[in-house]
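Trainee: With the sequence up front, the predicted model follows.
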Amino acid sequence: MSERIVITISREYGSGGKEISQKLAAKLGISAYGDEIPSMAAEENGIQKSYFEKADEHPTDSFLYMLAMNTLAVKNSMNPYENALSNDKLFNKQAEVIRELAEKEDCIIVGRCGGYILRDLPGCVKVFVTADQDFRARRIMQSDQVDEKEALKRMHTIDRRRASYVGYYAGTEWHDVNSYDLVVKSSVIGIEKSVDLICQYLALRYGDWQKDKK
């Protein structure tokens, strides 16, 4: 087969989605792109990386948007209408980078509405990684060096942010299983077997797709 295979991974915070993407990339011999995307978009467009970092996986606040539309007197640089347009523009710049990557190589895209952006790509495989709360909390406590209370707070805050981001830009429910080809519960089978499961799914769907490209 000649079409590109791009695996997009959406993940609950603390579920191990990032680690799974890295291990999957190593196993398949392809690249995984997540935190690199804002940097690539910034360099490609001559925009400071800090702007992308501030807007990273944050939705435009629709309330501020509507408020600005009806408040013509606000004309300074903090105008929320300007901020709304800016966030949308930054999203589109990152979307351009994601499409360019999908055109030139088989790869993994982590977060950033990758599945929605590449929804028309025949070889797009949309994966969602979920896990039990206790499993996630333990991982966050270990990775972020925080206590359980803070871990739970971060978990819920970041999950809400990601859900809002997907809802705003993709117009879908983040947890809607119909938005994905494969849902993996890492707390049940572990990180390594989650990687194996995704590989097995690719083999069932595409056969020996990497061999066919050699």
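Mentor: Happy to help now that I have it. Residues are numbered from 1 along each chain as shown.

Trainee: Give me the mean pLDDT for the longest helix anywhere in the chain.
Mentor: Counting by DSSP state H, the longest helix found in the chain is helix 80-104. Average pLDDT, helix 80-104: 79.

Trainee: Counting by contacts, list what that helix packs against.
Mentor: Applying 3 or more C-beta pairs under 8 Å, 6 or more residues apart in numbering; DSSP states H and E, we find helix 80-104 packed against helix 36-45, helix 49-55, helix 62-69, strand 107-110, helix 114-117. Quick note: C-beta positions are derived from backbone N, CA and C, even for glycine.

Trainee: helices or strands next to the fourth one in the packing?
Mentor: If I follow you right, that is strand 107-110. Using 3+ C-beta pairs under 8 Å, 6+ apart: strand 107-110 touches strand 6-11, helix 17-28, strand 31-33, helix 80-104.

Trainee: buried stuff in that strand?
Mentor: Of the residues in strand 107-110, Cys107, Ile108, Ile109, Val110 count as buried by neighbour count, 16 or more other C-beta atoms under 10 Å.

Trainee: Now mean neighbour count and distance to Ser50 too, for the helices and strands packed on strand 107-110, in CSV please.
Mentor: Formatted as CSV, the helices and strands packed on strand 107-110 follow (neighbours: other C-beta atoms under 10 Å; distance: least, C-beta to C-beta, whole Å):
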stretch, mean neighbour count, distance to Ser50
strand 6-11, 26, 24
helix 17-28, 19, 22
strand 31-33, 19, 19
helix 80-104, 18, 11
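
Trainee: looking at the helices and strands packed on helix 80-104, which has the lowest confidence?
Mentor: Across those, helix 62-69 gives the lowest mean pLDDT, at a mean of 38.

Trainee: what is the orientation angle of the longest helix of the chain with strand 6-11?
Mentor: If you take axes from the mean of the first three to the mean of the last three C-alpha atoms, to 10 degrees, helix 80-104 sits at 140 degrees to strand 6-11.

Trainee: how distant is helix 80-104 from the center of its chain?
Mentor: The chain centroid and the centroid of helix 80-104 are separated by 13 Å under C-alpha atoms, centre = their mean, to the nearest Å.

Trainee: Likewise for stretch 132-141?
Mentor: For stretch 132-141, the distance to the chain centre is 19 Å (C-alpha atoms, centre = their mean).

Trainee: now do stretch 41-50
Mentor: Worked out by C-alpha atoms, centre = their mean, stretch 41-50 lies 19 Å from the chain centre.

Trainee: ditto for stretch 42-53
Mentor: Worked out by C-alpha atoms, centre = their mean, stretch 42-53 lies 18 Å from the chain centre.

Trainee: Tell me which helix or strand in this protein has the weakest average pLDDT.
Mentor: Least confident helix or strand of the chain, by mean pLDDT, DSSP states H and E, is helix 62-69 with a mean of 38.

Trainee: And the residue nearest the centre of the chain, how close does it get to Gln94?
Mentor: Note on the chain: the residue nearest the mean C-alpha position is Gly111, at 0.4 Å, using C-alpha atoms, centre = their mean. Between Gly111 and Gln94 the computed distance is 10 Å (C-beta to C-beta, to the nearest Å).

Trainee: what does Val195 give?
Mentor: With C-beta to C-beta as the criterion, Val195 and Gln94 are 26 Å apart.
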